[in-house]
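**Student:** quick one, fold the following:
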Amino acid sequence: MYFCLEQRLVTGGMCDMLTDQNYATVEAALTAGTMPTDSRSIVIDYNVVKKNEDMGVGSMVEISFGEGQPSVSVTISGLYAPAKAYSGHGRMHLDGATLFAPEALFHELHPEIASFDYSWSIVNDPKKTDYVGAELKNIVASHSNIALDEINTVIEYEEMTNSFAFGSMEVLSWLVFLFGVINLINTTLSNQIARKQENSVLRSIGLTQKQLCKMNICEGLCYALFATLATLIVGLPASIFACRKMSIGAFAGNVVPYKFPVLEMGLFILVLFGMEIILSVWTIRRQKKQSLIEQMRAME
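**Tutor:** Predicted coordinates:
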């Protein structure tokens, strides 16, 4: 329920009710003070107190549930950290609670309301969706203390808020992928240059060009295979852990199942193995252009 708080400065936000389900969570999130002991005490987000120097534990403030509604004087009995006390749809939504109040205060300010549930899900015949929606809007228009939240609006909002975060993470992942490929190319070329003299010695004692070609390609594929295994062994558990932690923080403790990036991983493996084959073939062709004596002299 939306509320207005008055104490020299006017602050607005969402007020949630203290219930048996959330009492322990809010109590664990307290940073100062205690939980309400009567109907005229509240706990408030400590960020609100930071913006008002003359407000704190024990302060008297005036609150009302909406413009034009009667106000009452209440005492701030405690401050809590909002990141540890989820309400609404979670801390990443705009409807998180700014304060928690006892149930008795809700009934005192709005005795005409029988149920203070956070929301109601209305199930109807799909053929009557437009009619039901229109009737609900008529009801909401005639009551200032309720609101209608449509699924399409929620989806649009979620897509808007998540697109930037997910887009930034995707750009970061592509940069990591790019630097990884560049690093692999440098490592492969450095290794091939460092082993140039070794290959020349092996050729001088009977290693054929075909065997050298096969050795270079096998080594390159082994590098790519090791990089792939390292990515899966280290990256997969880290990704699952990060997905779990981020979903708990974003969706009020709910865990979103991890989805393995099959397309991205497939592209990563294809580029790795493809680059190793290309580099191996390039090295072999470069060695063919030089005689064995020229290669050994170049390393002296």
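**Student:** show me the contacts for I76.
**Tutor:** 33, 41-44, 49, 55-61 (CB atoms under 8 Å, 6 or more residues apart in numbering). For every residue, glycine as well, the C-beta is placed using N, CA and C.
**Student:** run the last query once more with 6 Å
**Tutor:** I44, V57, S59 (CB atoms under 6 Å, 6 or more residues apart in numbering).
**Student:** name the nearest of these relative to L279.
**Tutor:** I44 (62.7 Å; CB to CB).
**Student:** drop anything exposed from the contacts of I76.
**Tutor:** Buried members of the contacts of I76, counted by 16 or more other CB atoms under 10 Å: I44, V57.
**Student:** looking at the contacts of I76, which are in strands?
**Tutor:** Among those, the members found in strands (DSSP state E) are I44.
**Student:** nearest to T283, of the contacts of I76?
**Tutor:** Set against T283, the nearest of the contacts of I76 by CB to CB is I44 (68.5 Å).
**Student:** on that earlier part again, redo the contacts of I76 as TSV? Include pLDDT and distance to V262.
**Tutor:** Supplementary listing: the contacts of I76 in TSV, determined by pLDDT from 0 to 100; distance: CB to CB, whole Å:
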residue	pLDDT	distance to V262
I44	88	47
V57	88	53
S59	86	56
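**Student:** out of the contacts of I76, who's nearest S168?
**Tutor:** The closest of the contacts of I76, once distances to S168 are taken by CB to CB, is I44, at 32.6 Å.
**Student:** okay, the closest residue to L184 other than its chain neighbours and G274: tell me how far apart.
**Tutor:** Excluding the flanking residues, the one nearest L184 by CB to CB, 6 or more residues apart in numbering is A227, at 6.2 Å. A227 sits 13 Å away from G274, taking CB to CB, to the nearest Å as the criterion.
**Student:** please apply the same query to T231.
**Tutor:** Per CB to CB, T231 is found 16 Å from G274.
**Student:** which one of those two has more residues nearby?
**Tutor:** The residue with more neighbours, out of T231 and G274, is T231; 16 against 11, by other CB atoms under 10 Å.
**Student:** so A147 sits in a helix?
**Tutor:** No: under the criterion used here (DSSP: H, G, I helix; E, B strand; the rest coil), A147 is coil, not part of a helix.
**Student:** burial count for it?
**Tutor:** So A147, with other CB under 10 Å, has 11 neighbours.
**Student:** same thing with N47?
**Tutor:** 11.
**Student:** tell me the secondary structure for it?
**Tutor:** Three-state assignment for N47 (three-state DSSP): helix.
**Student:** disregarding flanking residues, what is the spatial nearest neighbour of it?
**Tutor:** Nearest to N47 is P82, by CB to CB, 6+ apart, at 7.0 Å.
**Student:** isn't that neighbour up against D45?
**Tutor:** Yes: assessed by CB atoms under 6 Å, P82 is found in contact with D45 at 5.1 Å.
**Student:** the two: who's more crowded?
**Tutor:** D45 (21 against 17).
**Student:** which helices and strands sit right next to the longest helix seen in the chain?
**Tutor:** Selection of the longest helix in the chain by residue count, based on DSSP state H, yields helix 151-194. Contact partners of helix 151-194 among helices and strands, from 3 or more CB pairs under 6 Å, 6 or more residues apart in numbering; DSSP states H and E: helix 262-288.
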